[in-house]
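In: the following block contains a protein sequence and its predicted model.
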Amino acid sequence: MVLPQRVGSPINVWDDLLINTGVFSFLGAADPTLSNWQPTGAGTTFQVYKFQKNDEVYFSCQLPHTYKEGSDIKAHVHWTPCDRGVAESGNYVGWKLDYSWCNINDGTFPASATIDMSDTCTGQNDYHEVSAGLTDLSGTGKKISSMIACRLYRSDTGGDDTWVGATAAQSPALLQFDFHHEINSEGSRQEWVK
């Protein structure tokens with residue numbers, strides 16, 4: 001099947017570059033705890049990673065061929081307070097992302113930068129929270145198939161994590177991490193060039 005070609009300027013749309021928790025690398029120290037989560041205390045019990053302060057995970061990802069080259073991308077953490085939503089109402093979770101982003105055959109990976117995704121708990125148990133980066137990752141000069149090396153963690157740097165529960169069982173659970181990115185084509189016209 002041949003897809004019809006668009007006439008005129010491309011239409012920019014958005015998509016997720018998903019990072020599922022199954023791809024995380026762990027150091028063996030400061031690892032989040034794989035814990036049971038049973039929303040509303042009934043039904044199926046799920047497995048989630050609960051992050052105490054200073055817990056961290058590592059991953060890398062590649063920008064797809066649909067990526068609008070040179071555009072900024074936006075970091076997001078999807079999480080839940082589990083059964084601590086009411087108890088932690090209004091308290092901050094200090095989600096952070098350290099990253100280094102580099103094109104293929106275009107220099108070396110730069111020193112890392114940090115995106116702050118700290119956000120408040122809405123005060124509802126088992127709520128699907130989304131915390132966005134306070135700044136975007138600059139895509140200036142970035143191309144398809146560029147790689148981002150990442151460290152995702154929970155930090156109290158600067159006092160931006162006021163979550164009271166200190167044990168793993170009382171910690172917020174990460175559901176997924178993703179980058180929102182713009183798309184301006186169905187793919188690239190060549191294997192390595194947009």
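Out: Done, it's in.

In: please, where are all the helices along this protein?
Out: Read by DSSP state H, the chain holds no helices at all.

In: run through it and note the low-pLDDT ranges.
Out: In the predicted model of the chain, residues 1-10 satisfy pLDDT under 70.

In: buried residues in the longest strand seen in it, which are they?
Out: Identified as the longest strand of the chain according to DSSP state E is strand 173-183. For strand 173-183, burial by neighbour count (16 or more other C-beta atoms under 10 Å) applies to 173, 174, 175, 177, 178, 179, 180, 181, 182, 183. The way it works is simple: take the backbone N, C-alpha and C, and place the C-beta from them, glycine included.

In: what do you get for stretch 110-126?
Out: 115, 116, 117, 118, 119, 121, 125, 126.

In: and those as TSV, adding distance to residue 95?
Out: TSV is the format used below for these (distance: C-beta to C-beta, whole Å):
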residue	distance to residue 95
115	9
116	8
117	4
118	6
119	7
121	12
125	19
126	18
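
In: still on that earlier bit, which elements pack onto the longest strand of the chain?
Out: For strand 173-183, the packing partners by 3 or more C-beta pairs under 8 Å, 6 or more residues apart in numbering; DSSP states H and E come out as strand 13-19, strand 46-50, strand 74-80, strand 147-154.

In: can you put the ones you listed in JSON lines and add mean neighbour count?
Out: Compiled in JSON lines, the helices and strands packed on strand 173-183 are given as follows (neighbours: other C-beta atoms under 10 Å):
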{"stretch": "strand 13-19", "mean neighbour count": "14"}
{"stretch": "strand 46-50", "mean neighbour count": "18"}
{"stretch": "strand 74-80", "mean neighbour count": "22"}
{"stretch": "strand 147-154", "mean neighbour count": "20"}
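
In: any chance of those strands in CSV, plus distance to residue 191?
Out: Shown next, in CSV, are those (distance: least, C-beta to C-beta, whole Å):
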stretch, distance to residue 191
strand 13-19, 20
strand 46-50, 36
strand 74-80, 27
strand 147-154, 16
